[in-house]
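A.B. asks: can you look at this prediction? I've put the sequence above it.
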Amino acid sequence: MTDLGQSLIEIEDLTKVFYTDEVETHALSGVHLGIRKGEYVAISGPSGCGKSTLLSILGLLDTPTGGKYLLNGEPVESLDFAARSRIRNREIGFIFQSFNLIGDLTVYENVELPLTYRQRMPSAERKKRVMESLERVSMAHRVRHYPSQLSGGQQQRVAVARALAGHPSILLADEPTGNLDSHNGEAVMELLRDLHREGATICMVTHDPRFVKQAEREIHLFDGKVVAEEELRKLMQETQA
């Protein structure tokens, strides 16, 4: 791929503060982060350190309190809801821990749904993308099934297909094996490795050290800040003392 290594995401001094009952919770405190096209990045850290908050901001599901966020060279930190939704639909593919499939839609309809929001995409193109994505995750034979008729591992494969169908710039995976047994978890991780080898850019949040090591680069979060691995070990030891 000719664009391999080019900057896709640049974040500078990112902060996120939640306000509840006059209490300020600083979920992210001055995060700096860059992700290149074609890179496979894992974000790790203890529970409550800001991993999912960071992923939500990267995926334009949430907005930061402060700082800069460039996606493909364009500032996106201050966009309104409609603009964020439009860019998210085109640029970002999500893989959630809980699959987030719609129970009364078939496998085919679940994968097609995000594409229906693309203006001027012909139905023939939608069908082509849906079937290509399902074939890529070995689920094309289940197009007429409903989520309740699938195992957890199969549901997550459908969720991956849904993310791929939009041809996104980046796949964001939030604990993609969290609701799976070890066998299905390994299968989903192998699928992500295959996608990365084919050129996909992936940013994954995980607490599982086995899966962290499969990424090219690990980013450690602690109390809303990016820290070096040695510093993370020291901080974790201090909290456990």
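C.D. replies: Arrived safely, thanks for sending.

A.B. asks: and the helices in this structure?
C.D. replies: Remark: helices assigned in the chain by DSSP state H are 51-58, 81-91, 107-112, 123-136, 152-165, 182-197, 209-212, 229-240.

A.B. asks: of all those, which lies closest to residue 39?
C.D. replies: Among the helices of the chain, the nearest to residue 39 by Cβ to Cβ is helix 182-197 (8.6 Å). The way it works is simple: take the backbone N, C-alpha and C, and place the C-beta from them, glycine included.

A.B. asks: how far out from the middle of the chain is the closest one?
C.D. replies: 14 Å (Cα atoms, centre = their mean, to the nearest Å).

A.B. asks: same question, stretch 126-135
C.D. replies: 20 Å.

A.B. asks: in stretch 193-212, what's buried?
C.D. replies: Across stretch 193-212, burial judged by 16 or more other Cβ atoms under 10 Å covers 193, 195-196, 200-206, 208, 211-212.

A.B. asks: flag the least confident of those residues.
C.D. replies: Looking at these by pLDDT, the weakest one is residue 208, with 85.

A.B. asks: and the residue nearest the centre of the chain, what's its pLDDT?
C.D. replies: Nearest to the geometric centre of the chain sits residue 172, at 1.3 Å (Cα atoms, centre = their mean). Turning to residue 172, the model gives it a pLDDT of 97.

A.B. asks: so what's it up against?
C.D. replies: Residues near residue 172 by Cβ atoms under 8 Å, 6 or more residues apart in numbering: 55, 58, 59, 92, 93, 94, 95, 203, 204.

A.B. asks: okay if I get the residues you listed as TSV plus distance to residue 32?
C.D. replies: Below are these laid out as TSV (distance: Cβ to Cβ, whole Å):
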residue	distance to residue 32
55	16
58	13
59	18
92	20
93	24
94	24
95	25
203	15
204	19
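
A.B. asks: now, among the residues you listed, which is nearest to residue 38?
C.D. replies: residue 203 (12.0 Å).

A.B. asks: in contact with that closest one, which residues?
C.D. replies: Listed by Cβ under 8 Å, 6+ apart, the contact partners of residue 203 are 9, 35, 41, 42, 43, 55, 58, 170, 171, 172, 173.

A.B. asks: now tabulate the residues you listed in JSON lines and tack on distance to residue 102.
C.D. replies: Shown next, in JSON lines, are those (distance: Cβ to Cβ, whole Å):
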{"residue": "9", "distance to residue 102": "29"}
{"residue": "35", "distance to residue 102": "29"}
{"residue": "41", "distance to residue 102": "29"}
{"residue": "42", "distance to residue 102": "29"}
{"residue": "43", "distance to residue 102": "27"}
{"residue": "55", "distance to residue 102": "22"}
{"residue": "58", "distance to residue 102": "24"}
{"residue": "170", "distance to residue 102": "23"}
{"residue": "171", "distance to residue 102": "20"}
{"residue": "172", "distance to residue 102": "19"}
{"residue": "173", "distance to residue 102": "19"}
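
A.B. asks: kind regards, and thank you for your time.
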